[in-house]
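Asker: predicted coordinates and the sequence they were generated for:
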Amino acid sequence: MTTRRVAVKIAYMGKDFFGSQRQPDRKTVVGEVISNLLQISGDKTEGWFDIKPASRTDRDVNALGNVIVFNTTFDDDTNLLKALNAVSKGVYYRSITTVEKDFNPRFASERIYRYVLPAKGIDELTARGCAELFIGEHDFIRFCRPDERPTTLKIDSVELRKEKEVIIIEFRARYFLWNMIRKLCAAIASVGSGRSRISDVERALNGENVSFGLTRPDALTLMDIIYDGLEFTVPSDDMFDECVEEEMFNDLLRTFFFKSL
């Protein structure tokens, strides 16, 4: 059997996992992927797959387009994704492409994140004015949990729109720092609600010790990761229809319950 290396876009609800990175005795996204691969691949060992994720997501953070790379002997993309989805508990394998052996999924051209804020009490125009401050290259030392990476980076775009009872904010950049988007959204919410001023955000961007807090993790979703020259294939448009219908009905039942309280 021929071995090839594939990149697969995966989705998951963050509440179902203790983050994406593998942890002993805890259910994580990477741990679930490893379990799924072992179940469908017979005599293969964990190390044989050489699994590499593109982006780490913290506990409760969702993903619709994270990417994970691994080895496989499946020569048919549709069969591989169907087999993985059949055994998976909470990870949804959405699309796939073949990559070179030395492909590093961390080196993406763009990452897209979405954050959802409750619209109540937030002025949309003021919030948008704050969000636009973050576009371009800045030192985001006051808007992240520092690790070993440089804190100066470029945000390509920030788009903010109101839909019914929520405000949706979409960020695009090559990469983001730890807790960065949740701290940026805390600033946007604070300015949009009148608790802080635009000048406070400007001072923070200039390096002054100004903090706006940290928003909740479950409102954050990694929407997509984009690579130059790579095109992912969706084997079946209706692959998750039954699952989606069931979950939407469950949400409807919850809505009826809480509206009746």
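Answerer: Perfect, thanks for sending it.
Asker: please name the nearest non-neighbouring residue to residue 100.
Answerer: In space, not counting the residues next to it along the chain, residue 100 is nearest to residue 5; the distance is 7.0 Å by C-beta to C-beta, 6 or more residues apart in numbering. Bear in mind the C-beta positions are built from the backbone N, C-alpha and C, glycine included.
Asker: next one: residue 78
Answerer: Spatial nearest neighbour of residue 78, excluding adjacent residues (C-beta to C-beta, 6+ apart): residue 235 at 3.8 Å.
Asker: touching, that neighbour and residue 74? I think so.
Answerer: No. With contact defined as C-beta atoms under 8 Å, residue 235 does not count as touching residue 74 (11.6 Å).
Asker: could you check which of these two is surrounded by more residues?
Answerer: The neighbour count for residue 235 versus residue 74, taken as other C-beta atoms under 10 Å, is higher for residue 74 (20 against 16).
Asker: three-state assignment of that one?
Answerer: Taken by DSSP: H, G, I helix; E, B strand; the rest coil, the conformation at residue 74 corresponds to coil.
Asker: now do residue 95
Answerer: Going by three-state DSSP, the secondary structure assigned to residue 95 is strand.
Asker: show me the helices in the stretch 151-261 of the chain, by range?
Answerer: Across the stretch 151-261 of the chain, reading from the start of the chain, the helices by DSSP state H, counting those that start in this stretch fall at 180-192, 198-205, 241-259.
Asker: return the most buried member of the ones you listed.
Answerer: Neighbour counts (mean count of other C-beta atoms under 10 Å) averaged over each of the helices of the stretch 151-261 of the chain peak at helix 180-192, with a mean of 24.
Asker: chain center to that one, what's the gap?
Answerer: For helix 180-192, the distance from its own C-alpha centre to the chain's C-alpha centre is 17 Å (C-alpha atoms, centre = their mean, to the nearest Å).
Asker: which residues touch it?
Answerer: Under the criterion C-beta atoms under 8 Å, 6 or more residues apart in numbering, residues 113, 115, 117, 122-124, 126-127, 129-131, 134, 140, 142-144, 160, 167, 169, 171, 196-198, 200-201, 204, 212-217, 219-220 lie in contact with helix 180-192.
Asker: from residue 29, how far out is the residue nearest the centre of the chain?
Answerer: Within the chain, the residue whose C-alpha comes closest to the C-alpha centroid is residue 222; the distance, by C-alpha atoms, centre = their mean, is 1.8 Å. Distance of residue 222 to residue 29, given as C-beta to C-beta, to the nearest Å: 11 Å.
Asker: try residue 129
Answerer: The separation that residue 129 has from residue 29, given C-beta to C-beta, amounts to 36 Å.
Asker: so which of these two has more stuff around it?
Answerer: Each of residue 129 and residue 29 had its neighbours counted (other C-beta under 10 Å), and the higher figure belongs to residue 29 (25 against 16).
Asker: what about the closest residue to that one other than its chain neighbours, how many residues nearby?
Answerer: With C-beta to C-beta, 6+ apart as the measure, residue 20 is the residue that lies nearest to residue 29, at 4.1 Å, once sequence neighbours are left out. Using other C-beta under 10 Å as the criterion, residue 20 is surrounded by 28 other residues.
Asker: any idea how far residue 20 is from residue 122?
Answerer: 30 Å.
Asker: what's the span of stretch 42-59, first residue to last?
Answerer: 31 Å (C-alpha to C-alpha, to the nearest Å).
Asker: name the residues of that stretch that are buried.
Answerer: Applying a neighbour-count criterion of 16 or more other C-beta atoms under 10 Å, one finds 48, 49, 51, 52, 53, 54, 55, 57, 58, 59 buried in stretch 42-59.
Asker: thank you, goodbye.
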